[in-house]
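Trainee: Starting from these lines, generate the structure:
(2 chains)
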Amino acid sequence: AQTVTQSQPEMSVQEAETVTLSCTYDTSENNYYLFWYKQPPSRQMILVIRQEAYKQQNATENRFSVNFQKAAKSFSLKISDSQLGDTAMYFCAFLVSNYQLIWGAGTKLIIKP
Amino acid sequence: GAGVSQSPSNKVTEKGKDVELRCDPISGHTALYWYRQRLGQGLEFLIYFQGNSAPDKSGLPSDRFSAERTGESVSTLTIQRTQQEDSAVYLCASSLLQGANSPLHFGNGTRLTVT
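Mentor: Residues are numbered from 1 along each chain as shown, chains lettered A, B, ... in the order given. Reported below is the predicted structural model:
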């Protein structure tokens, strides 16, 4: 079975600090895609960042970056200079087919002023 | 332009009643997905529509659940004889095409509470 595991149910940091959210996954596939989504209280899922497994370079989007370790099947999200607006649930997801995503249980991130 | 729109935003119903949830995808998006999100959990895939192809219904949890989509427009998710375990947020997403290069756009979901 293909699974995604987020081991941190909740994290909190002070504004402007750096925080890392962990994600591990299990698959026998060699080519796949990994995603981090953010879900604020509005409930709308918003794509934060995407990583293609065949690319060794870690993806970066402004303050958001990933540490992709393919051999370890690890895909962590680093948020630099955290802001109050980063407070949300963060979900790691893994694309197992052309369209079907497998989701982790989420990490609740609280940024404290 | 307009995003994915879902209605109602919240729905409270009595056990045993039928409910219908609506999703209006972004115009031109051929792919449409329904997910269920139970409290404190990630998303569970329910059903996927792609253009005029037969939908992938493999995620529907029971025959009480059904969904329809008219062409490439609105979709409705129907839950018959609702049970308390159906209480969850139901999220709809659409994408221009299928595949990782076509990002999903989500609606704000419908929070269903079965009493």
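Trainee: tell me the centre residue of the chain?
Mentor: All of this refers to chain A. A:Trp36 (3.4 Å; C-alpha atoms, centre = their mean).
Trainee: Chain B, not that one
Mentor: Note: chain B centre (C-alpha atoms, centre = their mean) maps to B:Trp34, 3.1 Å.
Trainee: contacting residues for whichever residue of chain B sits closest to chain A?
Mentor: Of all residues in chain B, B:Gly42 sits closest to chain A, at 3.5 Å by C-beta to the nearest C-beta. (C-beta placed from N, C-alpha, C; glycine too.) Counting by C-beta atoms under 8 Å, 6 or more residues apart in numbering or on different chains, B:Gly42 makes contact with A:4, A:91, A:93, A:103-106.
Trainee: so what pLDDT did the spatially closest residue to it that is not a sequence neighbour get?
Mentor: Take B:Gly42 and drop its neighbours on the chain: the residue closest to it by C-beta to C-beta, 6 or more residues apart in numbering or on different chains is A:Trp103, 3.5 Å away. With respect to pLDDT, A:Trp103 scores 93.
Trainee: which residues sit in contact with A:Leu109?
Mentor: A:Leu109 neighbours (C-beta under 8 Å, 6+ apart): A:10-13, A:19, A:21, A:79, A:86-90.
Trainee: Can I get the buried part of those as one ChimeraX selection?
Mentor: To isolate the buried ones among the contacts of A:Leu109 in ChimeraX, judged by 16 or more other C-beta atoms under 10 Å in any protein chain shown, type:
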select /A:13,19,21,79,86,87,88,89,90
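Trainee: can I assume the residue nearest to the centre of chain B is in contact with B:Ser75?
Mentor: Yes: at 7.3 Å, B:Trp34 counts as touching B:Ser75 under the criterion of C-beta atoms under 8 Å.
Trainee: what's the overlap in contacts for those two?
Mentor: With C-beta under 8 Å, 6+ apart as the test, B:Trp34 and B:Ser75 both reach B:23, B:67, B:92.
Trainee: beta partners for the second one?
Mentor: Per DSSP bridges, residues listed as beta-bridge partners of B:Ala67: B:Leu77.
Trainee: neighbours around it, how many?
Mentor: 21 (other C-beta atoms under 10 Å in any protein chain shown).
Trainee: where along the chain do the strands fall?
Mentor: Just so you know, I chose chain A. With DSSP state E, the ranges of strands along chain A come out as A:3-5, A:10-14, A:19-21, A:24-26, A:33-39, A:46-52, A:60-61, A:64-69, A:74-79, A:88-95, A:101-103, A:107-112.
Trainee: look at chain B instead
Mentor: B:5-7, B:10-13, B:19-24, B:31-37, B:43-50, B:65-69, B:75-79, B:88-95, B:105-106, B:110-114.
Trainee: No more questions from me, cheers.
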